[in-house]
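# Dropping the sequence and predicted coords here.
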Amino acid sequence: MEEPECTIELTTQAVMAACSPDYTQVKQAERLIHKLEVKPGFHPILAEMSLGTNVPGDAKRMAAICLKNGVTKFWRTMSPNALCKEDKERIKEIILGAHSEEKREVFDQLLEVIGKVSRYDFPRNWSNFIPSLLQVIGNSPREDQKIRALTMIYKVVKMLSTKRLSADKKGFRETTEAIFPIIGQLWENYLRLFNSQPTLAYLQPSCICLKIIRSMLTYGFEDISVPLPKSCLEVVLKMCVSQLEHRLTITDPAVSQLYDKYLLVIIKVMINVQERFPEFYGQYILVTLDFAYKVGFQFAELLEMRLVARALHLLSGIMLCETYDVFKLNNRGKNVSSISIKFTEDRNSFFTAERLKDMCVKCISKYLKMSEFELRNWQESPEEFAFEETRHVSLFNIKAASEHFLLNTTATFQDIVCPYIVELIKECAQHDRSNMETVLMIDSIYSVTVTCSYDLFDHIDIDGWFATLVQELAQETPYCSILRRRILEVIGRWVTIKLSQDKHTAVYEVCLQYMSSSQDLVVRLTAASALKAAVSDFAFYPPSYSPYLEVTMQQLYTLLREVEECESRVKILEVVNSIIDGCGKQIVDFVDPLIGWLPGLWGVATDHAMLQSQLLTTARKLSRCLGSMSVKLYGFTDPVLKYVLTQDPEMVLLEDGITLWLQLLENAPCGTPSFVQMFEWLYPLLQLGSDSLKTSLLIIECTILLDPPAIISRYGTGIVSACVTLYPEVVGEAKVLINNILLAIIKTVPRDQWPDLTPLLHVLLKNLEEFSDYSKVLTTNINVLCYLILLDLTYFNNLIASFNNQNLLKNILEIWTSKAEHFYQMEQHKLSLIALLTLSTFNPELVSHHFVNIINLIERAVRKCTDVDDKGKRFDCILRKHSSPGDDFITGGETEDYKRRGILEAADLIAKIDTITFLRAKFSELQRAVGPELFTKLSSGVEREVTDKLSSYLA
């Protein structure tokens, strides 16, 4: 198909069609634009359309969007189909006139284009950008064009300030040096005009200028103490209070709204400069604190709450700064300068006891107090409200800012603030609970004890207060649900911090009482969260909770049935999981209803990955507690695992799914057809690698041990092929797991049922010969060779011969015998001894090359796996352990998989052969095979101590 030529007519036609309401035309236009965007001249045409006076508004906006996307894709020189130099220069020339664009939606898109272009080309390849705009600001008769030109400068300055490479920082400092005096003068001129005539025409450019100054003060100077930035900062700080007072006189709503944004920029200037240059800024903390106090407390009712929130953050930042805190400097072992002492004195002189108490009261009574919107939300959507407070993370959220401020205040001025909060708590006992305002005030006070619990640790007698709180919970008043919710939150917080252990049972009873269906739903959810905190405490004692298990599970099942939001179900399941973790097998008798509910919950969680993940986690924890009774879960887990492993498009549940799969295998009492079928889903997972690889390899090993004949006969060849592909690509533990899979195959099925292991053994032997891995890989490699020698020596010899390398076996024996100190289990020492003696008697010629190392290995192995009894007779430790294993060995551990491994180990060759008897028989054979003269000659190279010990073993 012939490619279209890029012309103005065709480009205009494509952009106009892209604005059509007809879906077919839009798709055709997209295909055409996709073809044209790689053609020279296309993007300059889009730029001209964006600013064209005769182009419809929708088309201009679409052209600007296409231009933005094209600049993103093709502006970089190294990008495929990168824009040519001529197109770039033409685009920059055109968009420099964006200040004349009156349509806001088009101008906003062009701003994005300017930001992206300047990121790569300014200032080196676009040096006329700012001078041209400054000329517009100085000469244009239209104020709206001046404002747009300033906005363009701000966009570029803001973008440059975010770059962090040294060359970029230097370029931004040079730009700052060039234009900072001009922008500063513009700001002062516009501010002067606004003070005399408070209109948007002067306030808007003044606000933009101040934003530019903020970016330059923060990132444009290495040393802000030089005259130019210092004088500008001092002007900002000098005028801040007067500007605030001026704001209070403004009655025009539009001007007031923008003025609040202007004051917000002033606060941001203070925050940024204080954080970046704290020592320099210390001389201004008094004026800053005074301004922040006025905004945050004195005139807060007249200002926007987002402005008040940032003022509280400014106060918190100064309190947290260790440069202004001698106590913090001393605690961290840093030198305390006279400047820091002065700053600390200034800060403390401002935060007097009276002022601190006033600020605390304001925060508690105004900012932390539940609003009408929150109360209405509680009634209309209780589930959403129950977890809404955990989301207060925005810098402009007044409640989050108040909590942060109080937290820092109690930490910094603990001796003043904490006793005052305790007084407020005591006064709550005298308040009337039937009055809504009083109840909301008590709620706010109690919330402070949750936020500042660690700083209040030494000031609150929680054991004594707990009894009062329990009594308060029982009170029936019109607004009792508000206090019950908060009291349960307080209990949930303090139970993990300071509450005495003997009070924990009372906490369980209280939480369960207010989880009942008769209570408000928000109260029930809060009680469940408090219960979770109690059972998650490090001092939790499971037997003490046994009497409450049945009623707990009943209450949680009921709550699960009644809630509708997926997030609520997630939170309840988190409580269930905490109880399962804390109580372990005690929970077994009470989980049948939950198991019955899991499929239904999965059905409603189709579009909620978090709930699906929580359900998989719950099933895994249940399987761990149920052990062999995990078969109860198969009705839920079989279809769920099929979905997670084969149908989940985003694969967000993969890790949870394969972890559950492994847990089910470990607890499965016997193999099932579903486990065999699941194995087919494993091969794609092996190709993913990363975090899922280790679990996938463990699943292979566990499945083989669970049902060896079925798995090996059906999937043996595929397993070997997958391991051959993986082995060169993985390192460390993954290679150990592959070796364990190979050992599982060798040990669990008869020799005539082995799949073709030759390709994998070739890779393993090559890895062993190169010896490029850490010791655990080496030991498992040698373990595989030992079992091959003991189970089928002919197979082993044929394997070695297939390499056509006469030195291969010698090299392997050299590594084997010289690195025996890496063996960390006595079973490995014994296995190595038995296999090496078997191989040596079959091929005595190899002995002469490695005789000393072989004798040292034999002596070390005998010493590691034997001991002497009370009568002085040497015995085999492994043989004795397996001859009378006891219950612990037979069961191995809590899982069925561990039991299977214990049974397999008990049937192993090393559990049946006596080391001393075998050594005596094979050593005699070795002496006869080598010959007495050569054996004596070789023995002379062995250390005397080793030969003496070996002789004593053989006696």
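The structure has been received and is ready for your questions. Residues are numbered from 1 along each chain as shown.

# residue ranges for the helices of the stretch 651-800 of the chain, please.
654-667, 673-678, 682-688, 690-706, 708-726, 733-748, 758-770, 775-791, 793-801 (DSSP state H, counting those that start in this stretch).

# what packs against the first one?
Here helix 654-667 is seen to pack against helix 609-626, helix 634-646, helix 682-688, helix 690-706, helix 896-906 when contacts are counted using 3 or more C-beta pairs under 8 Å, 6 or more residues apart in numbering; DSSP states H and E. Placement of C-beta: from N, CA and C, glycine included.

# Recalculate using a threshold of 6 Å.
Identification of packing neighbours for helix 654-667 by 3 or more C-beta pairs under 6 Å, 6 or more residues apart in numbering; DSSP states H and E yields helix 609-626, helix 634-646, helix 690-706.

# With mean pLDDT added, can I get the ones you listed in JSON lines?
JSON lines is the format used below for those (pLDDT from 0 to 100):
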{"stretch": "helix 609-626", "mean pLDDT": "92"}
{"stretch": "helix 634-646", "mean pLDDT": "91"}
{"stretch": "helix 690-706", "mean pLDDT": "88"}
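
# Strands of this protein, residue ranges please.
Along the chain, counting by DSSP state E, strands occupy 866-868, 874-876.

# re the thing from before, of all the helices and strands packed on helix 654-667, which one comes closest to T176?
Closest to T176 of the helices and strands packed on helix 654-667 is helix 690-706 (C-beta to C-beta; 44.3 Å).

# The closest one: which residues count as buried?
Buried positions in helix 690-706, judged by neighbour count with 16 or more other C-beta atoms under 10 Å: 692-706.

# cool, and stretch 285-295?
I285, T288, L289, F291, A292, Y293, K294, V295.

# any residues touching it, and which ones?
L237, C240, V241, L244, M270, A311, L314, L315, I318, D346, F350 (C-beta atoms under 6 Å, 6 or more residues apart in numbering).

# give me phi/psi at F413?
The phi/psi pair for F413 (degrees, to the nearest 10) reads phi -120, psi 50.

# got any ranges where the protein has weak pLDDT?
Within the chain, the segments meeting pLDDT under 70 span 1-2, 328-335, 389-394, 649-650, 689-690, 770-774, 882-893, 955.

# got TSV for the helices and strands packed on helix 654-667, with distance to K116 too?
Shown next, in TSV, are those (distance: least, C-beta to C-beta, whole Å):
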stretch	distance to K116
helix 609-626	33
helix 634-646	40
helix 690-706	33
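
# Quick one: closest of these to I114.
helix 609-626 (38.4 Å).

# how about the closest one: buried residues?
611-626.

# Tell me how far M441 lies from L407.
20 Å (C-beta to C-beta, to the nearest Å).

# now do Q687
48 Å.

# try F350
19 Å.

# again, but for A539
In terms of C-beta to C-beta, A539 sits 25 Å off from L407.

# can you check K426 too?
K426 is 21 Å from L407, by C-beta to C-beta.

# ok, these two, which is more surrounded?
Neighbour count, other C-beta atoms under 10 Å: between K426 and L407, L407 has more, with 19 against 11.

# Return the residues in contact with the more buried one.
T451, C452.

# same deal with R624?
R624 neighbours (C-beta under 6 Å, 6+ apart): Q663.

# mind running it again at 8 Å?
Q663, N667 (C-beta atoms under 8 Å, 6 or more residues apart in numbering).

# go on, K776?
Applying C-beta under 8 Å, 6+ apart, the residues contacting K776 are G732, E733, V736, H822.

# With I33 instead?
By C-beta under 8 Å, 6+ apart, the neighbours of I33 are A14, V15, A18, C66.

# let's see 6 Å
So I33 contacts A14 (C-beta under 6 Å, 6+ apart).

# now, of the strands of the chain, which is deepest in the fold?
strand 874-876 (a mean of 17; mean count of other C-beta atoms under 10 Å).

# Show me what it is packed up against.
strand 866-868.

# Which strands border the strand it packs on, and is each parallel or antiparallel?
strand 874-876 (antiparallel) (DSSP bridges).

# how far is the strand it pairs with from where the chain is centred?
53 Å (C-alpha atoms, centre = their mean, to the nearest Å).

# Could you do stretch 839-848 as well?
56 Å.

# what about it, how long is it end to end?
13 Å (C-alpha to C-alpha, to the nearest Å).

# quick revisit: closest to R61 out of the buried residues of stretch 285-295?
V295 (38.3 Å).

# Okay, the closest one and M239: tell me how far apart.
Where M239 is concerned, V295 sits at a distance of 14 Å (C-beta to C-beta).

# Can you list the neighbours in contact with stretch 62-73?
15, 18-19, 37, 43, 46-47, 49-50, 106, 109-110, 112-113, 116.

# of those residues, closest to L926?
K116 (78.5 Å).

# how about the nearest residue to the closest one, chain neighbours excluded?
V71 (4.9 Å; C-beta to C-beta, 6 or more residues apart in numbering).

# ok, so what distance separates that neighbour from A82?
11 Å.

# Next up, the contacts around the nearest residue to A18 once chain neighbours are set aside.
Spatial nearest neighbour of A18, excluding adjacent residues (C-beta to C-beta, 6+ apart): A29 at 4.0 Å. Contacts for A29 (C-beta under 6 Å, 6+ apart) come out as A14, A17, A18.

# who wins for neighbours among those?
A14 leads these on contacts (other C-beta under 10 Å) with 26 neighbours.

# What distance do you get for it to E112?
21 Å.

# Repeat that for F343.
42 Å.

# out of these two, which sits in the busier spot?
F343 (24 against 17).

# contacting residues around the more buried one?
G282, Y324.

# swap the cut-off to 8 Å and go again
Per C-beta under 8 Å, 6+ apart, neighbours of F343: G282, I285, T323, Y324.
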